[in-house]
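Engineer: sequence below, structure please.
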Amino acid sequence: MALYSQYNAITVDGKICVVTVAALSNPNEGLDGDYNISLLAREQLEVLAKLAGNDGTSDFANVKYLDATGKKMTVTLSDGREINVVATAFVK
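Structural biologist: This is a model prediction of the structure:
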């Protein structure tokens, strides 16, 4: 479904859009023994805000998991920590 038709499905047809985000990896894994990809609640909200505002994100790549397509990207948090995430969205 194209972006424009997803937008119309939400604004005209009253459907909802579901967005999923999963922490995938630390792009600097192992450099300082840092393998931590856990996110505090405030960091989870920060990731969503950065994705929504297209701010602090880089290294986009298309990915496909089973039937879901999405984007893998690196998000830089306000404390400077980078984390790779995968985001997908669909309209119901």
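
Engineer: do you have the helices of this structure handy? List them.
Structural biologist: For the chain, applying DSSP state H gives helices covering 3-11, 41-53.

Engineer: pull the helix or strand with minimum mean pLDDT from this structure.
Structural biologist: Least confident helix or strand of the chain, by mean pLDDT, DSSP states H and E, is helix 3-11 with a mean of 75.

Engineer: please name every helix or strand in contact with that helix.
Structural biologist: strand 82-91 (3 or more Cβ pairs under 8 Å, 6 or more residues apart in numbering; DSSP states H and E). No exception for glycine: its C-beta is placed from N, CA and C like everyone else's.

Engineer: contacting residues around the strand it packs on?
Structural biologist: 1, 6, 9-10, 15-28, 37, 39, 47, 51, 59, 63, 65, 68-77 (Cβ atoms under 8 Å, 6 or more residues apart in numbering).

Engineer: kindly report the same for stretch 42-59.
Structural biologist: Stretch 42-59 is contacted by residues 19, 21, 23, 27, 39, 72-78, 83-85, 87 when judged by Cβ under 8 Å, 6+ apart.

Engineer: now those residues: which count as buried?
Structural biologist: 21, 23, 39, 72-77, 83-85, 87 (16 or more other Cβ atoms under 10 Å).

Engineer: angle of the least confident helix or strand of the chain against strand 82-91?
Structural biologist: Helix 3-11 runs at 70 degrees relative to strand 82-91, counting by axes from the mean of the first three to the mean of the last three Cα atoms, to 10 degrees.

Engineer: tell me how far helix 3-11 lies from the chain's centre.
Structural biologist: With Cα atoms, centre = their mean, to the nearest Å as the basis, helix 3-11 stands 19 Å off its chain's centre.
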